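Undergrad: Here is my input; please provide its structure:
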Amino acid sequence: MTEASVHDHRVLYGCMGLGGSWDAEPLGAGDIAEAEAAIRAALDAGISMFDHADIYRRGKAEAVFGEVLARTPGLRERIVLQTKCGIRLADGDRPGIYDLRGASIVQRVEESLARLRTDVIDVLLLHRPDPLADPEDIAKGLMSLHEQGLVRQFGVSNMNAAQIAHLQAHLGVPLIANQLEMSLLRRDWVESGVLVNTSAGAANGFPAGTIEHCRMNGIGLQAWGPLAKGRFTGRQQSPAERATAQLVADLAEAKGVTPEAIVLWWLQRHPARIAPVIGTTNPDRILACRYAAEREPELTHEEWYRLWITARGEALP
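TA: Presented below is the predicted three-dimensional model:
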């Protein structure tokens, strides 16, 4: 698997919803059936890269996916597996913490491999920055995994340009992805670039230069929460969301696609070629994203701006 092959995936399927409840209940037949249906729908929609994290459903998301892999000969060779580590959920008296110590990364990956029932993880993302972590120690753990053939490529999640550059300075292989929350609802990543030297810019907390750093260094951008929990495809709440949902519906009808495709195309139309990570477990809604997986975004310059301005509820500065 090459770096280019990862970046060629237009849409990823996020597996956070698989595996049943977030408690210690064991997997049931219903959980496995739900996972099988979601994975099959994703494949039918042209999606073959699957995004996990060791904490999703307290490990059960990886475990149920591993069960589906074991039941489906040849499936592992058809897909790209990505998982994340670095968050440790609260346990007893210990609060939830971040942990990117090198030895901890290695242990978490070994546990993920066992749950996923695979010999190798294609892409490992560091889930959240750990303020106590030493980049040199992180790199030592990552390179150990790489040299053992347990992880092919690495990336990060929820990190800014400086954090990425600091880690990359110690790492012998390139970081190839950064996963951030981005959508028509969560627009700070694009707003930050046009609110420079405005009063509104002071309230925008997105780290300046992160998108540009990723683009300049071949780091693919992945968007978690890209459908904004359906805010523009049926669950709108504010006047701006209702107006945007109507515009999305009108564009979808005019182009002969689903509303979900329009919402995802808005991300994909950006020059960074953002890859949305969709997280629904509903097979019909997964299939509604197929146009974004199979076709280049069909939004004009003006349509892209109209969606943005309608969603923000006011004119650009």
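Undergrad: and the residue nearest to residue 271 when sequence neighbours are not counted, how many neighbours does it have?
TA: Closest residue to residue 271 apart from its sequence neighbours, by CB to CB, 6 or more residues apart in numbering: residue 215 at 7.3 Å. The C-beta positions use only the backbone N, C-alpha and C, and glycine is treated the same way. Neighbours of residue 215 under the rule other CB atoms under 10 Å: 15.
Undergrad: quick one: contacts for residue 215?
TA: 221, 271-272 (CB atoms under 8 Å, 6 or more residues apart in numbering).
Undergrad: again, only this time at 10 Å
TA: Counting by CB atoms under 10 Å, 6 or more residues apart in numbering, residue 215 touches 221, 270-273.
Undergrad: farthest pair in the residues you listed?
TA: Across the contacts of residue 215, the longest distance by CB to CB is 10.4 Å; it joins 221 and 271.
Undergrad: what residues are shared contacts of these two?
TA: Listed as contacting both residue 221 and residue 271 by CB under 10 Å, 6+ apart are 211, 215.
Undergrad: Just want to know which of the two has more residues nearby.
TA: Legend: neighbour count by other CB under 10 Å for residue 221 and residue 271, higher for residue 221 (21 against 7).
Undergrad: so the more buried one bridges to which residues?
TA: Assessed by DSSP bridges, residue 221 has beta-bridge partners residue 178.
Undergrad: tell me the contacts of it?
TA: 7, 177-180, 182, 189, 210-211, 214-215, 267, 270, 272-275.
Undergrad: Run the chain-centre distance for stretch 26-34.
TA: The chain centre lies 24 Å from the centre of stretch 26-34; the measure is CA atoms, centre = their mean, to the nearest Å.
Undergrad: Give the buried residues for it.
TA: 27, 31-32, 34 (16 or more other CB atoms under 10 Å).
Undergrad: Show me where the chain has its strands.
TA: Remark: strands assigned in the chain by DSSP state E are 12-14, 49-51, 80-85, 87-88, 97-98, 121-126, 151-157, 175-181, 220-224, 275-278.
Undergrad: Show me what the first one packs onto, helices and strands only.
TA: In other words, strand 12-14. Applying 3 or more CB pairs under 10 Å, 6 or more residues apart in numbering; DSSP states H and E, one finds that strand 12-14 contacts helix 29-44, strand 49-51, strand 80-85, strand 175-181, strand 220-224, strand 275-278.
Undergrad: contacting residues around that strand?
TA: 6, 38-39, 41-43, 45, 47-53, 56, 61, 79-80, 82, 123, 177, 179, 222-226, 275-281, 286, 289, 293.
Undergrad: Quick one: low-confidence residue ranges for the chain.
TA: Within the chain, the stretches with pLDDT under 70 are 1-4.
Undergrad: And the helices in it?
TA: Ranges of helices within the chain are 3-7, 29-44, 60-71, 75-78, 102-116, 135-147, 161-168, 188-191, 210-216, 239-255, 259-268, 283-287, 290-294, 301-312, based on DSSP state H.
Undergrad: My guess is residue 247 contacts residue 262. True?
TA: Yes. With contact defined as CB atoms under 10 Å, residue 247 reaches residue 262; the gap is 8.4 Å.
Undergrad: more crowded one of those two?
TA: residue 262 (29 against 19).
Undergrad: Contacts only, for the more buried one.
TA: Taking CB under 10 Å, 6+ apart as the test, what residue 262 contacts is 184, 232-233, 244, 247-255, 291-292, 297-299, 303, 307.
Undergrad: can you rerun that using 6 Å?
TA: 248, 251-252 (CB atoms under 6 Å, 6 or more residues apart in numbering).
Undergrad: Name the member of these that has the highest neighbour count.
TA: Of those, with other CB under 10 Å as the count, residue 248 tops at 25 neighbours.
Undergrad: burial count for the nearest residue to residue 290 once chain neighbours are set aside?
TA: Distances taken as CB to CB, 6+ apart place residue 45 nearest to residue 290, at 3.9 Å, with adjacent residues excluded. Other residues near residue 45 come to 22 when the count uses other CB under 10 Å.
Undergrad: wait, what's in contact with residue 45?
TA: So residue 45 contacts 286-287, 289-290, 293 (CB under 6 Å, 6+ apart).
Undergrad: if we take the buried residues of stretch 26-34, which one ends up nearest to residue 141?
TA: residue 27 (29.2 Å).
Undergrad: how near is that closest one to residue 121?
TA: Note on residue 27: its distance to residue 121, by CB to CB, to the nearest Å, is 21 Å.
Undergrad: do residue 99 as well
TA: 18 Å.
Undergrad: Likewise for residue 288?
TA: Residue 288 is 29 Å from residue 121, by CB to CB.
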